[in-house]
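Trainee: I would like to see how this sequence folds:
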Amino acid sequence: QVQLVESGGGLVQAGGSLRLSCAASGIIFSPNQVGWYRQAPGKQRELVASITSGGSTNYANSVKGRFTISRDNAKKSVYLQMNSLKPEDTAVYYCNLETAWAPPEHYWGQGTQVTVSS
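Mentor: Okay, here's the model as predicted:
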């Protein structure tokens, strides 16, 4: 059974930093693309950042230069370092794993709340 468990969310003032972690189990981690999505109240879930098995990264325009995604295949983990946080970054953040095989399967964590106060 595949499980993704996020941690690291919380309340922070604008301009502050948080680091989210996501640990995977029940699946071979290294071949798969992993990423972070977020969903604010009343809005659709959106991609924040993703990282391929080869280490290529992709970021939403709204977080470029402020957020950094990384992965540690030995620990089956993916991280999101969030700096210069803004109130508009407030959302539930979800870890996502997309399998490398076709058709791809998606797995989700339970989400972690990030709240940025002004």
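Trainee: most centrally placed residue in this structure?
Mentor: residue 36 (2.3 Å; C-alpha atoms, centre = their mean).
Trainee: For stretch 65-82, list the C-alpha coordinates in CSV.
Mentor: The C-alpha trace of stretch 65-82 is given here as CSV (Å, rounded to 0.1, in the frame of the first residue of the first chain):
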residue,chain,number,x,y,z
GLY,A,65,12.8,32.2,-6.8
ARG,A,66,11.2,31.7,-3.4
PHE,A,67,10.5,27.9,-3.2
THR,A,68,12.9,25.1,-3.8
ILE,A,69,12.0,21.4,-4.3
SER,A,70,14.4,18.6,-3.7
ARG,A,71,14.4,14.9,-3.2
ASP,A,72,16.4,12.2,-1.4
ASN,A,73,15.8,8.9,-3.0
ALA,A,74,17.6,7.0,-0.2
LYS,A,75,15.1,8.4,2.2
LYS,A,76,12.2,8.1,-0.2
SER,A,77,11.5,11.7,0.5
VAL,A,78,10.7,15.0,-1.2
TYR,A,79,11.1,18.4,0.3
LEU,A,80,9.8,21.9,-0.3
GLN,A,81,11.8,24.8,1.1
MET,A,82,9.6,27.9,1.1
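Trainee: What are the buried residues along that stretch?
Mentor: With burial defined by 16 or more other C-beta atoms under 10 Å, the residues of stretch 65-82 counted as buried are 67-69, 71, 76-80, 82. Any C-beta I mention is one placed from the backbone N, CA and C, and that applies to glycine too.
Trainee: Outside of it itself, which residues are in contact with it?
Mentor: 17-25, 29-30, 34-36, 48-51, 55, 57, 59, 63, 83-85, 89, 93, 95, 114 (C-beta atoms under 8 Å, 6 or more residues apart in numbering).
Trainee: Alright, calling it a day.
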